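J.: Predicted structure and sequence below. I'll ask about it afterward.
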Amino acid sequence: MSLKPCTLATVLLATIGLTTAASADVQAVPPTPRVASTIATNLAVPWGLAFLPDGSALVSERNTARIKRIAGSTVTTIGTVSGVQPAGEGGLLGIAVAPTFNTDRFVYAYFTSVNDNRVVRMPCNGSTLGTPQVLISGIAKANIHNGGRLAFGPDGLLYVSTGDANNTSNAQNRNSLNGKILRVTPTGAAAPGNPTAGSRVWSLGHRNVQGLAFDSAGRLWAGEFGQNTFDELNLIRAGGNYGWPTVEGRAGDARFIDPITQWSPAQASPSGIAFARNTVWLAALGGQRLWAVPVLNGALDGNPVAFQNGTFGRFRTVSVAPDGSLWLITNNTDGRGSPRQGDDRILRLTLG
């Protein structure tokens, strides 16, 4: 009896140790990141990273409120952001460069002031910063859970992650800016098409999101600190409720969206994330490693793999550079790590 073509294909694949998607998924293996060089050293509690159109980079320092520019091997301070009041986990946090930078010259920042967390933008000519213009204020602050990541989406809108400010009820309160991912225009107004007209809230039920990244299809991913049980990597949906504080990690509760994958806090404590080569890259603070999570069409496509486990200590931020490499920032000088000679540093990783 002859085999039908699909059955024959299944048999042939099975003989070499593979199967078709109908019987079992062939899981992807993420590329291997290799440290190619050290971009910068002796940074003071670096937090945010953004690239200018000319390929140079801007780095924010949480406690000094300075923004530094890295061009080749040269590191210069281009300004100190006024109004920053560092304390605990607060200070100068995320930064972003507007996609319209070549015409408007704006750099965006999220920082903790004396009264709140806020989002500002500043004119930047590449070597100096102008006066901050407040776009969003009134985001509650605390010594912990200030959120702080900024990312421009492919829609040209600004996405802002906020923490629950150590008040768990904020995350489910739709009238609070805390425990949310916000979607706003470049002037800070609620973006058109948000789930609730006139509201800046894009998603809710977050404890402390510190990682935002868009994949090649424009989907938004977020890395989130759990409490004692599970840290999360989430695929963000408009209007989605991610469960905090009712649930932490996967719950199978129809009211909430489960994470794509999860870890114990000792393995992760995720901060910045990036997307490259069908992989979400996640910088882990407590876990002191770089996680690579293979994904396909918005779903997990293999097992997460850890790299640089303990080699350089805590990792705060990972970003894709214009040349396709990863820039990975350590965070050992923040009072919770063990600084090594030259810390904190930025590493350049190539993907094999």
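T.: Arrived safely.
J.: Wasn't Gly302 part of a helix?
T.: No - read with DSSP: H, G, I helix; E, B strand; the rest coil, Gly302 is coil and lies in no helix.
J.: Report the contact partners of it.
T.: 27-30, 294 (Cβ atoms under 8 Å, 6 or more residues apart in numbering). Glycine gets a C-beta too; all of them are placed from N, C-alpha and C.
J.: swap in Leu157?
T.: 183-186, 191 are the contacts of Leu157 under Cβ under 8 Å, 6+ apart.
J.: Likewise for Leu182?
T.: Going by Cβ under 8 Å, 6+ apart, Leu182 touches 136, 159-162, 200-202.
J.: Just the closest of those to Arg62, please.
T.: Ser161 (15.3 Å; Cβ to Cβ).
J.: Just to check, the closest one is in contact with Ala213?
T.: No - the criterion here is Cβ atoms under 8 Å, and Ser161 misses it with Ala213 at 11.1 Å.
J.: which one of the two has more residues nearby?
T.: Neighbours were counted for Ser161 and for Ala213 using other Cβ atoms under 10 Å; Ser161 has more, 29 against 23.
J.: contacting residues around the more buried one?
T.: Applying Cβ under 8 Å, 6+ apart, the residues near Ser161 are 94, 147-150, 180-182, 206, 209-212, 222.
J.: For the residue positioned nearest the centre of the chain, which residues count as its bridge partners?
T.: Nearest to the centroid of the C-alpha atoms of the chain, with distances taken as Cα atoms, centre = their mean, sits Gly211, at 1.9 Å. Beta bridges link Gly211 to Gly223 when assigned by DSSP bridges.
J.: now it: how far from Arg66?
T.: 22 Å (Cβ to Cβ, to the nearest Å).
J.: Tell me the one of the contacts of Ser161 nearest Ser37?
T.: Nearest member of the contacts of Ser161 to Ser37, counting by Cβ to Cβ, is Gly211, at 23.9 Å.
J.: OK, contacts around the closest one?
T.: Gly211 touches 149, 161, 221-224, 270-273, 282-283, counting by Cβ under 8 Å, 6+ apart.
J.: Using TSV, please lay out these together with secondary structure.
T.: Listed next are the contacts of Gly211 as TSV, based on three-state DSSP:
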residue	secondary structure
Arg149	coil
Ser161	strand
Trp221	strand
Ala222	strand
Gly223	strand
Glu224	strand
Pro270	strand
Ser271	strand
Gly272	strand
Ile273	strand
Leu282	strand
Ala283	strand
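J.: any idea whether Ser203 is helix, strand or coil?
T.: Ser203 ends up strand, using three-state DSSP.
J.: got any ranges where the stretch 1-150 of the chain has weak pLDDT?
T.: Applying pLDDT under 70 to the stretch 1-150 of the chain flags residues 1-25.
J.: Please enumerate the strands of it.
T.: Shown for the stretch 1-150 of the chain, the strands assigned by DSSP state E, counting those that start in this stretch span residues 33-40, 46-51, 57-61, 66-71, 74-80, 92-97, 106-112, 117-123, 133-139, 150-152.
J.: hmm, back to that, out of the contacts of Ser161, which comes closest to Arg118?
T.: When these are compared for distance to Arg118 (Cβ to Cβ), Gly148 wins out at 10.8 Å.
J.: Surely that closest one touches Leu93?
T.: Yes - Gly148 is within contact range of Leu93, at 3.0 Å (criterion: Cβ under 8 Å).
J.: and the closest residue to Gly55 other than its chain neighbours, backbone torsions?
T.: Excluding the flanking residues, the one nearest Gly55 by Cβ to Cβ, 6 or more residues apart in numbering is Pro322, at 5.0 Å. When read as degrees, to the nearest 10, the backbone of Pro322 gives phi -60, psi -30.
J.: list the contacts for Asn228?
T.: Asn228 sits in contact with 248, 265, where contact means Cβ under 8 Å, 6+ apart.
J.: one more time with 10 Å, if that's ok
T.: Contact analysis of Asn228 by Cβ atoms under 10 Å, 6 or more residues apart in numbering lists 248, 264-265.
J.: Narrow these to those in helices?
T.: The helices, defined by DSSP state H, take in nothing from the contacts of Asn228.
J.: Can you redo those residues as CSV, where the extra columns are pLDDT, neighbour count and distance to Leu233?
T.: Putting these into CSV (pLDDT from 0 to 100; neighbours: other Cβ atoms under 10 Å; distance: Cβ to Cβ, whole Å) gives the following:
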residue, pLDDT, neighbour count, distance to Leu233
Glu248, 97, 20, 14
Ser264, 97, 15, 13
Pro265, 97, 18, 13
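J.: Could you point out which of those residues is nearest to Gly126?
T.: Pro265 (39.2 Å).
J.: Asn208 is in contact with that closest one, correct?
T.: No - using Cβ atoms under 10 Å, Pro265 is not in contact with Asn208; the gap is 11.4 Å.
J.: Can you pull the residues that touch both of the two?
T.: Common neighbours of Pro265 and Asn208 (Cβ under 10 Å, 6+ apart) are 225-227, 231.
J.: And His155, how far from Arg200?
T.: Quick fix: residue 155 is Asp, not His. Going from Asp155 to Arg200 by Cβ to Cβ gives 15 Å.
J.: Neighbour count: the two, which is higher?
T.: Counted by other Cβ under 10 Å, Asp155 and Arg200 do not tie: Arg200 has more neighbours, with 22 against 14.
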